[in-house]
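> Turn this into a model:
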Amino acid sequence: MTTMLLHREENAAPGQRFRVRVKFICKDGTEHFIGLDSRRGFPMELRWPEGEPSGVTQGGGRGPCTLPVDAVERVDRELRERFEHWHRLGYVELHA
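Modelled structure (predicted):
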(Lines give C-alpha, C1' and ligand atoms only; values in the text may rest on other atoms or scores of the structure.)
Protein backbone atom coordinates (compact mmCIF):
# COMPACT_ATOMS: atom_id res chain seq x y z
CA MET A 1 0.00 0.00 0.00
CA THR A 2 1.30 3.45 -0.92
CA THR A 3 1.17 6.24 1.64
CA MET A 4 0.58 9.69 0.26
CA LEU A 5 1.49 12.86 2.09
CA LEU A 6 -1.53 15.15 2.05
CA HIS A 7 -1.10 18.86 1.56
CA ARG A 8 -3.57 20.70 3.76
CA GLU A 9 -4.25 24.16 2.42
CA GLU A 10 -6.49 25.23 5.28
CA ASN A 11 -3.28 26.46 6.97
CA ALA A 12 -3.81 29.74 5.12
CA ALA A 13 -6.96 31.73 5.76
CA PRO A 14 -8.54 33.47 2.74
CA GLY A 15 -6.36 36.40 1.78
CA GLN A 16 -3.57 35.36 4.15
CA ARG A 17 -0.14 34.64 2.72
CA PHE A 18 2.84 32.86 4.13
CA ARG A 19 6.40 33.00 2.97
CA VAL A 20 7.89 29.81 1.65
CA ARG A 21 11.56 28.98 2.22
CA VAL A 22 13.32 29.07 -1.17
CA LYS A 23 16.85 28.05 -2.05
CA PHE A 24 17.71 30.37 -4.93
CA ILE A 25 20.64 29.31 -7.10
CA CYS A 26 22.22 32.06 -9.19
CA LYS A 27 23.72 31.62 -12.64
CA ASP A 28 27.21 31.78 -11.12
CA GLY A 29 26.33 28.87 -8.80
CA THR A 30 26.00 30.83 -5.57
CA GLU A 31 23.10 29.85 -3.33
CA HIS A 32 20.85 32.05 -1.22
CA PHE A 33 17.95 31.21 1.07
CA ILE A 34 15.10 33.68 0.75
CA GLY A 35 11.46 33.88 1.80
CA LEU A 36 8.90 34.39 -0.98
CA ASP A 37 5.20 35.08 -0.58
CA SER A 38 3.08 32.22 -1.82
CA ARG A 39 -0.54 32.07 -2.85
CA ARG A 40 -0.77 28.58 -1.33
CA GLY A 41 -1.03 27.27 2.17
CA PHE A 42 1.72 24.89 3.22
CA PRO A 43 3.06 23.25 6.38
CA MET A 44 5.42 24.84 8.88
CA GLU A 45 8.42 22.88 7.57
CA LEU A 46 8.34 24.91 4.34
CA ARG A 47 7.63 28.30 5.87
CA TRP A 48 10.09 31.15 6.19
CA PRO A 49 10.39 32.05 9.89
CA GLU A 50 7.71 34.51 11.00
CA GLY A 51 9.14 37.97 11.57
CA GLU A 52 12.34 37.30 9.63
CA PRO A 53 12.97 39.67 6.72
CA SER A 54 12.65 38.09 3.30
CA GLY A 55 16.25 38.54 2.33
CA VAL A 56 19.42 36.69 1.72
CA THR A 57 20.56 34.59 4.66
CA GLN A 58 23.49 32.87 3.04
CA GLY A 59 25.52 33.29 -0.10
CA GLY A 60 28.07 35.42 -1.77
CA GLY A 61 29.04 35.58 -5.36
CA ARG A 62 30.79 37.49 -8.03
CA GLY A 63 28.05 39.95 -8.86
CA PRO A 64 24.40 40.79 -8.65
CA CYS A 65 21.94 37.94 -8.76
CA THR A 66 18.51 38.77 -10.16
CA LEU A 67 15.40 36.98 -8.98
CA PRO A 68 13.20 36.00 -11.95
CA VAL A 69 10.07 38.12 -12.45
CA ASP A 70 7.93 34.97 -12.32
CA ALA A 71 9.62 33.56 -9.18
CA VAL A 72 6.39 33.33 -7.14
CA GLU A 73 4.54 31.55 -9.95
CA ARG A 74 7.43 29.13 -10.42
CA VAL A 75 7.55 28.33 -6.69
CA ASP A 76 3.76 27.82 -6.57
CA ARG A 77 3.99 25.50 -9.60
CA GLU A 78 6.79 23.49 -7.96
CA LEU A 79 4.68 23.15 -4.80
CA ARG A 80 1.76 21.85 -6.89
CA GLU A 81 3.79 19.43 -8.96
CA ARG A 82 6.45 18.15 -6.51
CA PHE A 83 5.10 18.92 -3.06
CA GLU A 84 6.33 15.74 -1.36
CA HIS A 85 9.90 16.26 -2.60
CA TRP A 86 10.09 19.88 -1.38
CA HIS A 87 8.35 19.07 1.89
CA ARG A 88 10.97 16.42 2.58
CA LEU A 89 13.82 18.91 1.86
CA GLY A 90 12.21 21.79 3.78
CA TYR A 91 12.55 24.31 0.95
CA VAL A 92 11.75 24.84 -2.74
CA GLU A 93 14.70 25.18 -5.11
CA LEU A 94 14.63 27.89 -7.77
CA HIS A 95 17.28 28.55 -10.41
CA ALA A 96 18.01 31.93 -12.01
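
> all helices for this structure, in order.
71-81, 83-89 (DSSP state H).

> How about the last one, which residues are buried there?
By neighbour count, and taking 16 or more other Cβ atoms under 10 Å as the criterion, the buried residues in helix 83-89 are 83, 86-87. Quick note: C-beta positions are derived from backbone N, CA and C, even for glycine.

> Make a markdown table out of the residues you listed and add pLDDT and distance to Phe24.
What follows is the buried residues of helix 83-89, written out as a markdown table (pLDDT from 0 to 100; distance: Cβ to Cβ, whole Å):
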| residue | pLDDT | distance to Phe24 |
| --- | --- | --- |
| Phe83 | 93 | 19 |
| Trp86 | 95 | 14 |
| His87 | 94 | 18 |
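
> got the contact list for Asp76?
Asp76 makes contacts with 38-40, as judged by Cβ atoms under 8 Å, 6 or more residues apart in numbering.

> How much space separates it from Asp37?
Applying Cβ to Cβ, to the nearest Å, the value for Asp76 to Asp37 is 10 Å.

> ok, now Glu84?
Distance from Glu84 to Asp37, by Cβ to Cβ: 22 Å.

> For the protein, which residues score under the pLDDT cut-off?
Within the chain, the segments meeting pLDDT under 70 span 1-17, 53-64.

> ranges for the strands of it?
Counting by DSSP state E, the chain has strands at residues 18-25, 31-38, 92-95.
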